[in-house]
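Enquirer: fold the following, please.
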Amino acid sequence: MAPPSRVPVLIVGGGPVGLTLAALLAHYGIASLTLEADASYCSGSRAICISRRSQEILGWAGADAAITATGLPWTGGRSYYRDREVLRFDMPHDPQQRFAPMVNIQQYFVEEYAHQAMQRHPGRAALQWSARAVAIRPQTDGVRVEADIDGQRQAIQADWLVACDGGRSSVREALGLKLEGMQYEGRYVIVDIEQASSRPVERLAWFDPPSNPGSTLLMHRQPGNVWRVDYQIRDDEDADEAVKPENVLPRVQSHLDMIGETAPWKPLWISLYNAKCLTLARYRHGRVLFAGDAAHLVPIFGVRGLNSGLDDAGNLAWKLAWVLRGQASDKLLDSYSDERVHASRQNLAYGAKSTEFMAPPDSGFRLMREAALRLALTDERVRPLINPRQSAPIAYHGSPLNLADGAPSQASSAAPGQPAPDLLLADADAAPHYLSACFGQGFVLLACDPDAAAEARLQALAAATRTARDPLRVVPVGGPAARAWRDPHGHLRDRYGAQPGTVHLLRPDGYVLGRWDAPDDAALRAALAPYYPMIPAIPQEPRA
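Expert: The predicted structure is shown next:
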């Protein structure tokens, strides 16, 4: 069947970010067409570590169950200097959390599961394989695209175009845009091998290991008895020679011998990588938006690449839906650029620090790393310098959406612009419920111990939005109402610093928009009006 000639949203690039965005838009009731130049899902592991935040976002799209069933969860890792352990780290986690801090899973699985989530909305999410955007003509009210689809030229008119077409983005090139930042010279060979192993799933790193002297080597277990092995090559090594099997396989075998992995193995995929810290200055250009590697290239160290791209999708999907449904001005999409450029610059800063330790760019950095590793053998105070600083959600400080803080004395972790901490709550029947399961839909009013009058006012606001595609939801925790949720673990006070009467307004992407000690109707209506125009305004007193 021929793809449509006109669509609300055209997504160029059907990798994990583009497919997740399409699935999220479909979940919000927005139709899209995705063009993917390849004929199927990617080959090789590529991105492999999916953070807790990314699992939440994939959950909004309906892909979390498959990710959890296939992926290998992990909570920490070890680093070695030569053959001696110098660091063991654990990421924050507890058994009451909905998702593991990180799961290892190959990128092609993420693409497949996001695609399956899309297919649950056949009328709203279409994917066209072997399709390229060959000409892009931005217009004031949309974008006209000439596409090559299975060798046939077709014109497509889109209200909005989202470029998710990777580091070599054809959309970015067509608009004459350049990524800004720096590229590191250090190069890593990336190898997938198949080998059965009973080792725990954790991040493993060796600096100057006896198996590969002078190199840095990383290992991650993946589903299907696959090991991901990354090792640094010397500056004077030829890149074409470095990826030849006759040069790769002996180095891998040497390391497997050193760590005692003796089961038979075979190579699956070999490629070369070097770290880049690059971003566009803006992610919105008229009716064209950028996400994932098309917008930014982040070093693999700390696993911020795909995870930051999925965060782009989670941020953009609800905003684009609200605009297309006429519930918000298209200025809301400027906040997508503001927030995600800020996040990218934070990720690039963290990624640069990790890269400078993992692949020192010059002799000075190499000397400092050598000193830190040697000291770490005997001084535990130095060991945090080796910590890989794994991906974590970025706070949107200074976002134009943040409301003035109406509860500045409360805990800072749930202030406007911060990611909303998850809560494990219970209903009247003691059934467990996660707050994060409410995200990916409409806005949420989280109320701590509201009295009957306060809850009635909140529920009245929610009732006013019941005709919206994603209405406002009230989550009362405690209080007199029989339907109120309970907080058996004390998470609301611990993680939000909430006191009786406190109300947090949470965005669809799980960020705090505003909070108040005891909000009045005027404050809440003013906060919600830009997103729910159907909420009636408070009548103004007549002037004398």
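
Enquirer: and the closest residue to Ser354 other than its chain neighbours, what is it in contact with?
Expert: With Cβ to Cβ, 6 or more residues apart in numbering as the criterion, Ser354 has its nearest non-adjacent residue at 3.7 Å, and that residue is Phe301. For every residue, glycine as well, the C-beta is placed using N, CA and C. By Cβ atoms under 8 Å, 6 or more residues apart in numbering, the contact list for Phe301 reads 275, 351, 354-355, 357-358, 388.

Enquirer: pLDDT (mean, whole number) over stretch 40-49?
Expert: Averaging pLDDT along stretch 40-49 yields 89.

Enquirer: would you convert the contacts of Phe301 into CSV that also reports distance to Leu528, neighbour count and secondary structure?
Expert: As requested, these are exported to CSV (distance: Cβ to Cβ, whole Å; neighbours: other Cβ atoms under 10 Å; DSSP: H, G, I helix; E, B strand; the rest coil):
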residue, distance to Leu528, neighbour count, secondary structure
Ala275, 43, 24, strand
Gly351, 37, 29, helix
Ser354, 40, 21, helix
Thr355, 43, 25, helix
Phe357, 45, 21, helix
Met358, 46, 25, helix
Pro388, 40, 20, coil
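
Enquirer: check contacts around the spatially closest residue to Ala158 that is not a sequence neighbour.
Expert: In this structure, Ala158 finds its nearest non-sequential neighbour in Leu10, 3.6 Å apart by Cβ to Cβ, 6+ apart. Residues near Leu10 by Cβ under 8 Å, 6+ apart: 32-35, 143, 145, 156, 158, 160-162.

Enquirer: tell me what Leu10 is bridged to.
Expert: Beta-bridge partners recorded for Leu10 (DSSP bridges): Leu33, Leu161.

Enquirer: per-residue pLDDT, it?
Expert: So Leu10 comes in at 98 (pLDDT).

Enquirer: Asp148 versus Val12, what's the distance?
Expert: Separation of Val12 from Asp148 (Cβ to Cβ, to the nearest Å): 12 Å.

Enquirer: quick one: which of these two has more around it?
Expert: Using other Cβ atoms under 10 Å as the criterion, Val12 and Asp148 rank with Val12 on top: 30 against 16.

Enquirer: and that one, how far from Gln441?
Expert: 27 Å.

Enquirer: again with Val341
Expert: Counting by Cβ to Cβ, the gap from Val341 to Gln441 is 26 Å.

Enquirer: check Ala414 too.
Expert: Applying Cβ to Cβ to Ala414 and Gln441 gives a distance of 19 Å.

Enquirer: ok, these two, which is more surrounded?
Expert: Taking neighbours as other Cβ under 10 Å, Ala414 and Gln441 compare with Ala414 leading, 22 against 17.

Enquirer: what's the closest non-adjacent residue to that one?
Expert: Leaving aside its chain neighbours, Ala414 sits nearest to Tyr496 (4.3 Å; criterion: Cβ to Cβ, 6+ apart).

Enquirer: hang on, isn't Phe89 packed against Thr75?
Expert: No - if you go by Cβ atoms under 8 Å, Phe89 and Thr75 don't touch, sitting 9.4 Å apart.

Enquirer: neighbours of the closest residue to Trp318 other than its chain neighbours, just the number please.
Expert: Leaving aside its sequence neighbours, Trp318 sits nearest to Pro508 (Cβ to Cβ, 6+ apart; 4.0 Å). Close neighbours of Pro508, defined as other Cβ under 10 Å, add up to 25.

Enquirer: a strand runs through Pro508, doesn't it?
Expert: No - per DSSP: H, G, I helix; E, B strand; the rest coil, Pro508 lies outside any strand segment and is coil.

Enquirer: which residue ranges of the stretch 401-544 of the chain form helices?
Expert: Applying DSSP state H, counting those that start in this stretch to the stretch 401-544 of the chain gives helices spanning 452-464, 491-496, 521-528.

Enquirer: the chain now?
Expert: Using DSSP state H, the helices found in the chain span residues 16-27, 52-61, 64-70, 107-119, 170-174, 239-242, 245-259, 305-324, 332-358, 363-376, 452-464, 491-496, 521-528.

Enquirer: what's the closest of the ones you listed to Ser197?
Expert: Checking the helices of the chain against Ser197 by Cβ to Cβ gives helix 245-259 as the closest, at 9.5 Å.

Enquirer: quick one: mean pLDDT over the closest one.
Expert: Per-residue pLDDT values across helix 245-259 average out to 97.

Enquirer: remind me what it packs against, helices and strands.
Expert: strand 180-194, strand 226-233, strand 266-279 (3 or more Cβ pairs under 8 Å, 6 or more residues apart in numbering; DSSP states H and E).

Enquirer: swap in 10 Å and give it another go.
Expert: strand 180-194, strand 203-207, strand 216-222, strand 226-233, helix 239-242, strand 266-279 (3 or more Cβ pairs under 10 Å, 6 or more residues apart in numbering; DSSP states H and E).
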